[in-house]
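>>> Give the three-dimensional model of this entry:
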Amino acid sequence: MQKRIYQMDGTALRRSIQETTRRHYRHREVWEAYMYRAAVLRSQMKVADATLIIHCFATVGKRVDSFLDYMLDGLRGRLHNFRLGHLALLLVSVCKLRREDKFLVEAALPVIYKKLTAQAPPKDIAVLAHAYVRIDGPSRQAVLDRVAAAIAPRIRKLENPLTLSLLLHAFTFPPPHMVPFTKRASFLPSNKRDDSGGAPAGPSATEAETPEAAVLRDAASASEPIRFAKGGSDESEAGDGLPHRALIQLLLDQASKHLHKFRSTDLMFLFLSMQQIFRRDKPPPPPAAAAAEGAEDHPQPGEEEWEEAADDDERRALRKVYGRHLGKKKKPSPLDTGTGMVPFLLLRQVTRQLQNVLFELRGPEFIKLLSTFPDIPPTAIDSAVKARVLEELRYRVADLVGQQSYA
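Numbering: from 1, shown residues only. Next comes the predicted model:
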């Protein structure tokens, strides 16, 4: 097989690597032959083939630093030829590999500004935004502003669940100074190198792979940022609020319309987004509570006469004068939960949809989903949903114990 690999062109090599990744082939000599042939064809290979090859190595968890440095160095000077989808896939691969390639991200920034237009596919924009905030690239807020300008005119036409959930997660992703140090440090690139050609450790990367499929397999590490050694972003967001509140509200409304299409990974991203909204967005006081506070300081007309009335006939007369509402206390609405930007009905719909797709969640995804529950109002989760989640947790606890994400 190695002899055939040494005779392949760039496209054939990419297809062979993808097929090997899909089949979880373990042979060390084969992977070394792949690396040798890819290095030889680096300057002749199409940028799409080179990007997919790097993504296959990221998928199987093979961090051979010398090979990756050589391939990424060759792509750094060809970024102007990238389509937005290939650039997004390359940034996703950098996230998976836990690399601190600051020069690559800085070189990609002008290309991002050029390619982020209103004509770009929404799914590519969503994957790019999601990957860029995770690597904490320079001018993060400027890139998000450009994403908002490109996606806002078409926001009512968005129907893809993963596109909506990734955009929500990107716009609500916390800035680096809000992420606990212990969580950041535990996900910094490790010093372990995979030079042994070990067994592939993840799902497959097929030939028809899209940036969406790439992010689906990367969902296990969806909420941790990859920080550069000297700090990635060169600007800090003002305060700890949400800069794009209006756009986030529109995305939430659009997600509620297509919630029946959401699968497990889509819901996980949506729960992570809502968690950040509840943490960072300070909702106004419920209308019922505000009305009660105002009523204490400013009594409504006729209330004093109502309290001094001696019998029912006098109270009926007062109601004819001031209205039937006199003397009646307004009951708080079940919708007045103080949930801020997240509509209460959307919370109910999300938790109910979760029951239908809970079995699809992988172990790390399931744990990340559970971590969002303390930030969600208890009244928004039905008792039936809680019972279903607890039942699933009891069923999976033996598998979850021992996983890295469990800690």
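>>> what's the nearest residue to Ile381 once chain neighbours are set aside in contact with, if anything?
Counting by CB to CB, 6 or more residues apart in numbering, Ile381 lies nearest to Thr351, which is 5.1 Å off, once chain neighbours are set aside. Bear in mind the C-beta positions are built from the backbone N, C-alpha and C, glycine included. By CB atoms under 8 Å, 6 or more residues apart in numbering, Thr351 lies in contact with Ala380, Ile381, Asp382, Val385.
>>> Does Leu252 touch Leu347 like I think?
No - taking contacts as CB atoms under 8 Å, Leu252 lies outside contact range of Leu347: 10.3 Å.
>>> how near is Leu158 to Glu19?
As for Leu158, its distance to Glu19 is 33 Å (criterion: CB to CB, to the nearest Å).
>>> out of these two, which sits in the busier spot?
Per other CB atoms under 10 Å, whichever of Leu158 and Glu19 has more neighbours is Leu158, with 20 against 15.
>>> quick one: contacts for the more buried one?
By CB under 8 Å, 6+ apart, the neighbours of Leu158 are Pro122, Ile151, Leu164, Leu167, Leu251, Gln254.
>>> from those residues, which is closest to Glu392?
Leu164 (24.6 Å; CB to CB).
>>> Now do the helix or strand harbouring the closest one: which elements does it pack against?
In the assignment (DSSP states H and E), Leu164 maps to helix 161-172. Applying 3 or more CB pairs under 8 Å, 6 or more residues apart in numbering; DSSP states H and E, one finds that helix 161-172 contacts helix 122-134, helix 140-151, helix 211-217, helix 245-257, helix 264-280.
>>> ok, the residue nearest to Ala255 when sequence neighbours are not counted to Val92 distance?
Closest residue in space to Ala255, ignoring its immediate chain neighbours: Leu164 at 4.8 Å, by CB to CB, 6+ apart. As judged by CB to CB, Leu164 and Val92 stand 18 Å apart.
>>> Same drill for the two, tell me which one is more crowded.
For Leu164 versus Val92, the count of surrounding residues by other CB under 10 Å is larger for Leu164: 28 against 24.
>>> what separates the more buried one from Thr51, distance-wise?
Where Thr51 is concerned, Leu164 sits at a distance of 25 Å (CB to CB).
>>> same deal with Arg42?
For Arg42, the distance to Thr51 - CB to CB - is 12 Å.
>>> thinking again about what came up before, out of the helices and strands packed on helix 161-172, which one sits most buried?
Of the helices and strands packed on helix 161-172, the one with the most neighbours on average (mean count of other CB atoms under 10 Å) is helix 122-134, at a mean of 26.
>>> just checking, what packs against it?
helix 84-97, helix 140-151, helix 161-172, helix 211-217.
>>> For Phe278, which of the ones you listed is the nearest?
When those are compared by CB to CB, helix 161-172 sits nearest Phe278, at 10.0 Å.
>>> what angle do the closest one and helix 264-280 make?
Here helix 161-172 runs at an angle of 20 degrees relative to helix 264-280 (axes from the mean of the first three to the mean of the last three CA atoms, to 10 degrees).
>>> Would you indicate which residues of helix 161-172 are buried?
Of all the residues in helix 161-172, those buried under the rule 16 or more other CB atoms under 10 Å are Pro161, Leu162, Thr163, Leu164, Ser165, Leu166, Leu167, Leu168, His169, Ala170, Phe171, Thr172.
>>> centre of the chain versus that helix, how much separation?
5 Å (CA atoms, centre = their mean, to the nearest Å).
>>> Relative to Ala317, how far out is Glu307?
In terms of CB to CB, Glu307 sits 15 Å off from Ala317.
>>> Neighbour count for these two, which is higher?
Ala317 (12 against 9).
>>> Look at that one and tell me its secondary structure.
With DSSP: H, G, I helix; E, B strand; the rest coil as the basis, Ala317 sits in helix.
>>> Determine which residue lies closest to the centroid of the protein.
Closest to where the C-alpha atoms of the chain average out (CA atoms, centre = their mean) is His169, at 3.5 Å.
>>> pLDDT value on that residue, please?
Confidence at His169, expressed as pLDDT, is 93.
>>> Wait, it touches Ser273, no?
Yes - look at His169 against Ser273 with CB under 8 Å: they come within range, at 5.0 Å.
>>> Flag the shaky bits of the stretch 201-350 of the chain, pLDDT-wise.
For the stretch 201-350 of the chain, applying pLDDT under 70 flags the ranges 201-240, 282-302, 306, 310, 321-340.
>>> Check the stretch 51-200 of the chain too.
In the stretch 51-200 of the chain (pLDDT under 70), the answer is 176-200.
>>> More neighbours: Arg42 and Thr51, which one.
Neighbour count, other CB under 10 Å: between Arg42 and Thr51, Thr51 has more, with 24 against 16.
>>> right, and the helix or strand after the one helix or strand that one maps to?
Using DSSP H and E, Thr51 sits within helix 47-60. Scanning forward in sequence from helix 47-60 by DSSP H and E, the next helix or strand is helix 65-76.
>>> now the helices and strands packed on helix 122-134 in CSV, with distance to Gln2?
What follows is the helices and strands packed on helix 122-134, written out as CSV (distance: least, CB to CB, whole Å):
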stretch, distance to Gln2
helix 84-97, 25
helix 140-151, 43
helix 161-172, 38
helix 211-217, 28
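>>> Compare the ones you listed and give me the one nearest Thr372.
helix 161-172 (11.7 Å).
>>> Kindly provide the distance from Pro175 to Asp101.
21 Å.
>>> Got the domain ranges for the protein?
Listed by automatic domain parsing, the domain ranges of the chain are 1-81, 82-190+209-284, 287-322, 344-406.
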